[in-house]
Each structure stands twice: as C-alpha cells, then as structure tokens.
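Student: Return atomic coordinates for the entry below.
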Amino acid sequence: MSEAESERPLPVRAAPAGAVTGWDQAVDLTKDPALIPDAAEISVPPELRSEIEITMARYPERHSAALPALTAAQRLHGWCSPEAIDQVACVMGVTPAYLTSVVTFYDMLKGQPVGTNSVYVCTSVACCVRDAKAVHDAIAAAAEEAGLEDTEIREFECLGACDMAPVCSVNGRFVGPLETSDAPEIVAAIKEGRTVLPGRSLEDA
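Tutor: Numbers count the residues shown, from 1 in each chain. The predicted structure follows:
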C-alpha cells in the first residue's frame, strides 16, 4: 500500500434501515444529566442496604461492588427492576445509568422479570459434544407438558462444571451429568418444591 493510500480516510458504513444505534453517537447535551438518586426520596430495605454497604467495604473503589450489589437486589426483587436499580444506586452513590449498563452487559443479571425459578442448561463446548442441546429441549418440552410456570429455562454459555457434562443449574444448584430422560423428574421436582436430583449435585457428598 502506498503512502497516499494509507492516508486515505476509511469508508463510513451507514447503519441499515431500522437499525438501533446509540453507542456510536455523541452524547445528547440537551438532556438532563444523570443524577444519583436522592436518599431522602428512595426507600431502601435495611437488609439490602446492609449487604451492599458490607460489600462496598471490601473494595477500594465502590464501583467494584456493582455486581454483588445488583445480585443482592435481584435476589430480593426477583429481577433488576427500575426500583431495585434506584435502591442500589442510592446506596452506592452512583447513577442508575451506570448500573443499567452493568445489568445489560452481564448475563446473570435480569433486566426484566423472567420467573422465580431458573434452569440454565450449559451448551458450551464440553456439554455440547455430549448432546446438551437435546437435554435443554427435553426439559423445555417436559415443562410445557407439565404446565410449569414462573420458571426461566434457557441455554447457557458455560457453567464451569465440565466434569459433570452435560450439566445444568437449577436455582443455583448444579446437577449432572444429565440425560434427556432426567427432564421429567427435573420439572416435577421444581413444580413440587423438592430437591432436584439428590445425590447428583456439586454440593452433594
């Protein structure tokens, strides 16, 4: 490439019609600035405030506590609702906009209600080669057949328990290795409030 060619400006590609943009645009200075919620206007449950403050004390920079603080709020509210985000922002002294950017980036944080129960089936490399997708589909089908409600069933990129592949997390309880034949029992246990597959979890002896 010649020197003249190297100095030629790169072409700018227009966004497709109907595309949602924003990350590549300048800030709108006509809008109100992002503000930290006023403590006098936000009611924060004492147990949530205490947990966030204890977590913040572990870090030299308060922003580092965002993930555990949002997780605590999600545990209390069921998801990272606008109310939950305002409560965390108030205690941490950060803007709701900052916390929203964290929620929308991390997969384990929920920006909308998805159900009290969660079933995350790992479909990453180690689990994929052991037909984890079929396990996920079997659980989803069994849930539909049993009329299981208030439960999020989804594929997950990696649960970090490759020695149990294929594995899934049921409300944080890792169980495996799984077969499609386990699906009805998993769904029944969730529906009846029982322990899912006792003896086959990381926490079991």
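
Student: Backbone dihedrals for the spatially closest residue to N117 that is not a sequence neighbour, both of them.
Tutor: Closest residue to N117 apart from its sequence neighbours, by Cβ to Cβ, 6 or more residues apart in numbering: T151 at 4.0 Å. All C-beta spots, glycine's among them, are computed from the backbone N, C-alpha and C. In terms of degrees, to the nearest 10, the main-chain angles of T151 are phi -140, psi 130.

Student: T151 reaches A143, doesn't it?
Tutor: Yes. The pair T151 / A143 is scored as a contact, 6.5 Å apart, by Cβ atoms under 8 Å.

Student: joint contacts of those two?
Tutor: Taking Cβ atoms under 8 Å, 6 or more residues apart in numbering as the contact rule, T151 and A143 both touch V119.

Student: quick one, which of those two is more surrounded?
Tutor: Ranked by neighbour count (other Cβ atoms under 10 Å), T151 and A143 place A143 first, with 21 against 18.

Student: show me what contacts that one?
Tutor: So A143 contacts V119, T151, I153, V187 (Cβ under 8 Å, 6+ apart).

Student: distance of it from E192?
Tutor: Separation of A143 from E192 (Cβ to Cβ, to the nearest Å): 13 Å.

Student: Residue ranges of each domain in the protein, please.
Tutor: 46-105, 117-192 (automatic domain parsing).
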